[in-house]
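1. Build the 3D model from these lines:
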Amino acid sequence: MKFRVVCRKLYDYVRYDLKEIAFPSSLPDPPHIKKRPKLTWNDRWCILKEATRLYGASWVRNIGPDLRPNDYKKEAEDDDSGSESASGNEKKVKRSSEPSVLEDIAVAARGGAETLKPALRRIYMTRASTYTNAMKNFVETYQEGLKDQLEKTDDGEGRKQPHQGDGPTKPPPPPPPTS
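-> As a prediction, the model looks like this:
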């Protein structure tokens with residue numbers, strides 16, 4: 001009788017507990033999460049085709065209308081509508097003459113460390129100059145706002161209090177003599 005109980009407990013352990021220890025089941029999703037429906041084989045095929053097309057396009061420096069036709073269709077529709085602004089023209093000129101930062105890095109990365117280093121340096125210098133310009137702009141506007149605030153408080157008090165550096169200051173008293 002004991003042998004049978006031991007075998008059954010061992011069997012249950014291997015069947016249920018060991019399986020849960022080796023391959024734990026995940027927690028169930030919260031009730032507000034909706035499961036996405038399974039994709040059909042046709043949907044999977046369309047996704048695979050689009051992904052491989054875009055992957056192939058990422059290896060080309062100048063991505064033209066043959067690789068991204070949907071983007072060029074949108075631009076053609078914008079041209080047909082006749083509601084182009086000056087900024088739209090500038091964007092097209094910029095897009096055609098200068099590659100984007102991402103494309104520039106991708107091409108430089110394929111070229112190796114010799115071409116990647118100048119590209120990264122150019123990006124860091126651009127970011128550094130943008131940061132310094134932003135800091136200068138912040139300091140200037142902060143000083144203007146501070147001056148305006150000080151003028152408001154001076155006008156409100158009716159008399160002007162001397163600010164630091166406006167007039168002579170009283171020197172500190174000499175230290176007491178020690179004997």
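2. How much space separates P171 from P177?
-> Distance from P171 to P177, counting by Cβ to Cβ, to the nearest Å: 17 Å. Just so you know, the C-beta spots here come from the backbone N, C-alpha and C atoms, and that holds for glycine as well.
3. Cross-check the contact I'm expecting between S58 and V107.
-> No: taking contacts as Cβ atoms under 8 Å, S58 lies outside contact range of V107: 10.8 Å.
4. Of those two, which one has the most company?
-> V107 (16 against 12; other Cβ atoms under 10 Å).
5. any idea which helix is longest in this protein?
-> helix 113-157 (DSSP state H).
6. helices or strands up against that one?
-> helix 101-111 (3 or more Cβ pairs under 8 Å, 6 or more residues apart in numbering; DSSP states H and E).
7. Buried residues, the helix it packs on. List them.
-> 104-108 (16 or more other Cβ atoms under 10 Å).
8. now, which of those residues sits nearest L18?
-> A106 (48.9 Å; Cβ to Cβ).
9. Can you read off the pLDDT for that closest one?
-> A106 carries a pLDDT score of 80 in this model.
10. Over to N42?
-> 95.
11. pLDDT-wise, which helix or strand of this protein ranks last?
-> Sorted by mean pLDDT, DSSP states H and E, the helices and strands of the chain end with helix 86-97, the least confident at a mean of 52.
12. coming back round to it: any chance of the buried residues of helix 101-111 in JSON lines, with distance to C7 too?
-> Converted to JSON lines, these look like this (distance: Cβ to Cβ, whole Å):
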{"residue": "D104", "distance to C7": "69"}
{"residue": "I105", "distance to C7": "65"}
{"residue": "A106", "distance to C7": "63"}
{"residue": "V107", "distance to C7": "68"}
{"residue": "A108", "distance to C7": "67"}
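13. from the residues you listed, which is closest to K136?
-> D104 (27.0 Å).
14. residues near the closest residue to that closest one other than its chain neighbours, how many?
-> Leaving aside its sequence neighbours, D104 sits nearest to A119 (Cβ to Cβ, 6 or more residues apart in numbering; 5.7 Å). Using other Cβ under 10 Å, A119 has 17 neighbouring residues.
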